[in-house]
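A.B. asks: here is my input, please return the structure:
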Amino acid sequence: MIDLPEGFLEDRSPRLRTLHLSNCRVPDWDFLPLGSILTSLRLEASEGFDYTCPTWNAFLVALQRMVVLVKLSLRQWLPKDDTTSCPWSSASPLPLKAMQSVSLTDSDQPIKRFFEVVRIPEASALEIELPDTQDACFLRGYGHFLGSVAKADT
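C.D. replies: Down below sits the predicted model:
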């Protein structure tokens, strides 16, 4: 486990296109170099790993900045707070027009919230993993919801 220092890659990452962090403790989401030319973001945390997820608002603001992001892979990194304070909602989701591939590993509620507040292009590859077998009913209970995600056109 690594604790990322404050100012990690600050001012040294203007051309950073790919960021992959695994089991790194991030003191604040704003410390990550999530610039406008980032094309691939992969954040992984192992089960039971002590880390702090971003808030939905901070997460979505960062996604909005990453206008050319084509690949998003999050393992246990989706926000866990409520989305009510976000400027995006199911009525007005954040479009991720460049997205080609989304891979999410988390419990059912954060994954459901992700697709409530974000829209990905129809041609995007989608991978969902629910590590808790009790969450498997999520797919049965939200199959209609995932179908509407697949048909969403940005």
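
A.B. asks: so which residues of this protein form strands?
C.D. replies: In the chain, the strands defined using DSSP state E lie at 2-3, 18-22, 24-25, 40-44, 71-75, 94-95, 101-105, 118-119, 125-129.

A.B. asks: any idea of the mean pLDDT in the third one?
C.D. replies: Put plainly, it is strand 24-25. Across strand 24-25, pLDDT averages out at 76.

A.B. asks: where exactly do the helices run in this protein?
C.D. replies: 56-65, 108-117, 137-141, 143-151 (DSSP state H).

A.B. asks: got TSV for the strands of the chain, with mean neighbour count too?
C.D. replies: Where C-beta positions appear, they are placed from N, C-alpha and C, glycine not excepted. Shown next, in TSV, are those (neighbours: other C-beta atoms under 10 Å):
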stretch	mean neighbour count
strand 2-3	10
strand 18-22	14
strand 24-25	16
strand 40-44	18
strand 71-75	20
strand 94-95	17
strand 101-105	18
strand 118-119	21
strand 125-129	12
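
A.B. asks: indicate which one of these is closest to P87.
C.D. replies: Taking C-beta to C-beta, strand 94-95 is the member of the strands of the chain nearest to P87, at 8.5 Å.

A.B. asks: where in the protein is pLDDT low?
C.D. replies: 1-14, 47-51, 83-85, 133-154 (pLDDT under 70).

A.B. asks: about what we covered before: okay if I get the strands of the chain as JSON lines plus distance to C53?
C.D. replies: Output for those, formatted as JSON lines (distance: least, C-beta to C-beta, whole Å):
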{"stretch": "strand 2-3", "distance to C53": "16"}
{"stretch": "strand 18-22", "distance to C53": "13"}
{"stretch": "strand 24-25", "distance to C53": "11"}
{"stretch": "strand 40-44", "distance to C53": "10"}
{"stretch": "strand 71-75", "distance to C53": "9"}
{"stretch": "strand 94-95", "distance to C53": "18"}
{"stretch": "strand 101-105", "distance to C53": "13"}
{"stretch": "strand 118-119", "distance to C53": "16"}
{"stretch": "strand 125-129", "distance to C53": "17"}
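
A.B. asks: fine by me, we can end here.
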